[in-house]
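K.L.:
3D model of this:
(chains A and B)
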Number of protein chains: 2
Amino acid sequence: MQTLMNRIMQDGNVLNGDVLKVDSFVTHQVDPSLMAEVGQCFAEVFKDYGITKVVTIESSGIVPAIYTAQQLKVPMIFARKSKSLTMDEELLTASVYSFTKQVTSTVAISSKFLTKEDRVLIIDDFLANGQAAKGLIELCQKAEAEVVGVGILIEKAFQSGRKLLEEMQVKVVSLARIESLENGKIQFLEGDA
Amino acid sequence: MQTLMNRIMQDGNVLNGDVLKVDSFVTHQVDPSLMAEVGQCFAEVFKDYGITKVVTIESSGIVPAIYTAQQLKVPMIFARKSKSLTMDEELLTASVYSFTKQVTSTVAISSKFLTKEDRVLIIDDFLANGQAAKGLIELCQKAEAEVVGVGILIEKAFQSGRKLLEEMQVKVVSLARIESLENGKIQFLEGDA
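P.N.:
Now for the predicted structure:
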């Protein structure tokens, strides 16, 4: 998606060689009009897949997920990282290791919201090692729901996430694929637009 | 907002006398079309207030906040509850006690995103004791930004949150005001619609 790639070039910052910071328009301050366009883009790709639920993980995935869900006219569910007092029912859980935060967390979705009738599209902001998406796929599998695809805003194509997800037989669609962040320079995979 | 009140009556559940669970359309599974309407409603109320930023706190406030920001054509910022490795710069922080989760957490916003030129609208899903909104107001005050108003989806009018915020000279607008949850029955304040 050209608008997203342009914005990454303009406002993204590279930290420590492999961290791309997009906190002025995705992960902390968020640009609503860009995210609405992201949602339209994912919805266009997945409109014929019979999606019944869009699933993400708190917090940065929530905005692109809700705009995608709005376009597909289905509910969005965000997996929780910590148990709240009002989550008193049966939970589907999975463990997710975050390389950014260097912690393993349990992510959870109330089992009543996913059934074996569901066809799920997973949305997240980043794909790096694929751990978050893998955890969400495992949650869906516990509900016997079918994961139809994974939609990612920014893929670090030099890390192993895509390989991991494709080995799980899941279609991966990324709107911006980064080949390299070496020497602080953002380089997209050739042929992407 | 009648649509929201109808939905609360239809799908809300009362737990333990004072907890209202709306996890099928607000706090865990989210209804995009209802939330888009919520955003339009807040934007209509605050359209002449010169808002420059919509601020919320992760995670349930993010969806109503982004739809409000989209309508007002301004960025949305969500305060973080835990420090991530990529938040390496100067932070505005405040402590927030959550009665639901029974923990005190530090919430943070990067100081570069709020300045004394900003006019802020705070959006959150619930107003009960007002601790989350108070923390966000304190964050904004540290940046010398002006908090113009607080927009709430569901106010527990039998708790002290509104009083606390009004004492801080902030306009509070709630789309559904609940007078009582006694005996498991949801009762709205009379005159609201």
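K.L.:
C-alpha only now, for contacts and for neighbours.
P.N.:
OK.
K.L.:
contacting residues around the spatially most central residue of chain A?
P.N.:
The centroid of chain A falls nearest to A:Asp124 when counting by Cα atoms, centre = their mean (1.2 Å). Going by Cα atoms under 8 Å, 6 or more residues apart in numbering or on different chains, A:Asp124 touches A:56-57, A:60-62, A:64-65, A:133, A:150-153.
K.L.:
tell me the one of those residues nearest B:Leu175?
P.N.:
Using Cα to Cα, A:Ile62 comes nearest to B:Leu175 of those, at 22.0 Å.
K.L.:
okay, that closest one: pLDDT?
P.N.:
We have a pLDDT of 98 for A:Ile62.
K.L.:
and the strands in chain A?
P.N.:
A:13-15, A:19-21, A:29-30, A:53-57, A:76-79, A:91-98, A:103-110, A:119-127, A:146-156, A:171-180, A:187-188 (DSSP state E).
K.L.:
quick one: the ones you listed as JSON lines, columns for mean pLDDT too.
P.N.:
Shown next, in JSON lines, are those (pLDDT from 0 to 100):
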{"stretch": "strand A:13-15", "mean pLDDT": "94"}
{"stretch": "strand A:19-21", "mean pLDDT": "93"}
{"stretch": "strand A:29-30", "mean pLDDT": "98"}
{"stretch": "strand A:53-57", "mean pLDDT": "97"}
{"stretch": "strand A:76-79", "mean pLDDT": "98"}
{"stretch": "strand A:91-98", "mean pLDDT": "89"}
{"stretch": "strand A:103-110", "mean pLDDT": "90"}
{"stretch": "strand A:119-127", "mean pLDDT": "98"}
{"stretch": "strand A:146-156", "mean pLDDT": "98"}
{"stretch": "strand A:171-180", "mean pLDDT": "97"}
{"stretch": "strand A:187-188", "mean pLDDT": "96"}
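K.L.:
closest to B:Ala43 out of those?
P.N.:
Nearest of the strands of chain A to B:Ala43, taken as Cα to Cα: strand A:29-30 at 17.0 Å.
K.L.:
tell me what that closest one is packed against?
P.N.:
Using 3 or more Cα pairs under 8 Å, 6 or more residues apart in numbering or on different chains; DSSP states H and E, the elements in contact with strand A:29-30 are strand B:76-79.
K.L.:
who touches the strand it packs on?
P.N.:
A:28-32, B:53-58, B:62, B:65-66, B:69, B:107-109, B:113, B:136.
K.L.:
for the nearest residue to A:Val147 once chain neighbours are set aside, name its beta-bridge partners.
P.N.:
Leaving aside its chain neighbours, A:Val147 sits nearest to A:Val120 (4.7 Å; criterion: Cα to Cα, 6 or more residues apart in numbering or on different chains). On the basis of DSSP bridges, A:Val120 is bridged to A:Lys53, A:Val147.
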